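> Sequence first, then the predicted structure:
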Amino acid sequence: MVNSTLEKHLASPEVSTESHVRAKTISLGKLILERKRVYFDTKFWILLRDAEIGRNDEAISILTELRTRVASKQLVCPIEPSVFLEVMKQSDIETRIATVRLIDDLCLGTSLVPLSQRIRQELCEFVYSSSGVNDRFHPNELVWTKVSYILGIFHPSETRFDSATETAIQKAFFDHMWERPLEELVTALGDRLYPKEWDERSAKRINRANAAHAHEVVSFERIYRNELIGLLDLFCEDAGEMMLSRLDAAGGVRTDVTDSQRMEAGRSVMKIIDAAIRKHRPIAKTFRTAHIGALCHAAIRNDKARSLTTNDLHDIHHAQAAVIYCDAFFTDKPLHALLSQRRLGLTSDFDCTIGSDLQSLEEWLESVTWEAPMDGMA
């Protein structure tokens, strides 16, 4: 309940809501990084769920091993918003809830933050490291959250209370939501969250844009660079705010900044990034989430016989989460084949095992050198 921590937060008004959230996020990140992390796309969650509810016995021994490693604090199976959104599209309520209960058991209530937030974090890392800030948290510690905040963090605001009391309420509410399981969220939402037409409209819009720029498809490398810069440019204003914040911290005099000034600063950052990538391509891997998304979109665009589908959108999001932040990723064969293309370089650039069947998952579990159990996450 919110009341359980409200008194504590009322007694510490000097701790802002932002600082409280950041401390909890970093603590969670440190605990997650102590474990092996395996990411399943929705196909694998359904395979494991079917073993759980007795629909097939093909994955029973694997599920038992996963539970053992999770219980011994050696493994966690985090999710990402695309898993949640795909699960919400399951029409049968009974099997949807069964899937969610299994996810709750194996993910331990953990998720990656939304994709846009991860891209902002990687941009922030570039700006801060480029400006000589050495005392900063590792970006891999800042990309984790709890499943109740899988679509983003929100706080009660504009209440009738004074500022100190409202801040205490926000922190206590955050603590309460931090511990809520995914099943509770899914049950409360029912079928109200996710119109399937959203994905279809997005895929059609991207395909129209790709067709309009088809004349630019002269090489894979050019498509990739255009995709990368185009994606990062969506965060131009954020980059400008980061740059202005660093100038202010370095002793510059900062007055109220207008939106146009923020955009101008952001465009300067984007020009620096574009020039750096043109000169030295590996710099692109600094922006890991955007880098993988750009590679996948470029590979699909480069195949003139192929159009982007709604499933492709979710698959790319799965890849952007798993390949960067997890030790292993298990998905369907088409995505496995896409990610294994030599020109993408993902299997050499990232230390993530990718598989597409239960045998590969079983072999990965057998190959891991498991560390002694930790004392961290329950």
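That came through, no problem. Residues are numbered from 1 along each chain as shown.
> Where does pLDDT dip in the stretch 101-250 of the chain?
Residues of the stretch 101-250 of the chain meeting the criterion pLDDT under 70: 132-136, 192-200, 207, 211, 214, 216-217, 247-250.
> how about the strands in it?
Assigned by DSSP state E, counting those that start in this stretch, the stretch 101-250 of the chain shows strands spanning 110-112, 144-146.
> how about the last one: buried residues?
The neighbour-count criterion (16 or more other C-beta atoms under 10 Å) identifies 144-146 as the buried residues of strand 144-146. Any C-beta I mention is one placed from the backbone N, CA and C, and that applies to glycine too.
> would JSON lines of the strands of the stretch 101-250 of the chain with distance to T289 be doable?
As requested, the strands of the stretch 101-250 of the chain are arranged in JSON lines below (distance: least, C-beta to C-beta, whole Å):
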{"stretch": "strand 110-112", "distance to T289": "10"}
{"stretch": "strand 144-146", "distance to T289": "14"}
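> right, and the ones you listed - which one's nearest G230?
Closest of those to G230 is strand 110-112, at 22.6 Å (criterion: C-beta to C-beta).
> The closest one packs against which elements?
helix 81-88, strand 144-146 (3 or more C-beta pairs under 8 Å, 6 or more residues apart in numbering; DSSP states H and E).
> Need phi/psi at G355.
phi -140, psi 170 (degrees, to the nearest 10).
> quick one: the residue nearest to it when sequence neighbours are not counted from L365, how far?
Sequence neighbours aside, F330 is the residue nearest to G355 in space, at 5.0 Å (criterion: C-beta to C-beta, 6 or more residues apart in numbering). Separation of F330 from L365 (C-beta to C-beta, to the nearest Å) stands at 11 Å.
> What does the pLDDT read for N3?
pLDDT, N3: 66.
> from here on, count from 741
In the new numbering, first residue 741, that becomes N743.
> domains of the chain?
Per automatic domain parsing, the structural domains of the chain span 743-936+1103-1107, 937-1092.
> mind checking the end-to-end distance for stretch 1080-1088?
With C-alpha to C-alpha, to the nearest Å as the measure, stretch 1080-1088 spans 10 Å from end to end.
> Can you give the distance from it to the centre of its chain?
Mean C-alpha position of stretch 1080-1088 versus that of the full chain (C-alpha atoms, centre = their mean, to the nearest Å) differs by 21 Å.
> Same check on stretch 856-865?
That offset, for stretch 856-865, works out to 10 Å (C-alpha atoms, centre = their mean).
> again with stretch 950-967
26 Å.
> Output that stretch as PDB, nothing but the C-alphas.
The C-alpha trace of stretch 950-967 is given here as PDB (Å, rounded to 0.1, in the frame of the first residue of the first chain):
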ATOM      1  CA  ASN A 950      10.400   3.600 -48.400                       C
ATOM      2  CA  ALA A 951       8.700   3.600 -51.800                       C
ATOM      3  CA  ALA A 952       9.000   7.400 -52.100                       C
ATOM      4  CA  HIS A 953      12.800   7.100 -51.400                       C
ATOM      5  CA  ALA A 954      13.400   3.900 -53.400                       C
ATOM      6  CA  HIS A 955      15.600   5.900 -55.800                       C
ATOM      7  CA  GLU A 956      18.100   6.400 -52.900                       C
ATOM      8  CA  VAL A 957      18.700   2.700 -52.600                       C
ATOM      9  CA  VAL A 958      22.100   2.700 -54.200                       C
ATOM     10  CA  SER A 959      23.900   0.700 -51.600                       C
ATOM     11  CA  PHE A 960      23.300  -1.000 -48.300                       C
ATOM     12  CA  GLU A 961      25.700   1.300 -46.500                       C
ATOM     13  CA  ARG A 962      23.900   4.400 -47.700                       C
ATOM     14  CA  ILE A 963      20.500   3.000 -46.700                       C
ATOM     15  CA  TYR A 964      21.900   2.200 -43.300                       C
ATOM     16  CA  ARG A 965      23.400   5.600 -42.700                       C
ATOM     17  CA  ASN A 966      20.200   7.300 -43.800                       C
ATOM     18  CA  GLU A 967      18.100   5.100 -41.500                       C
END
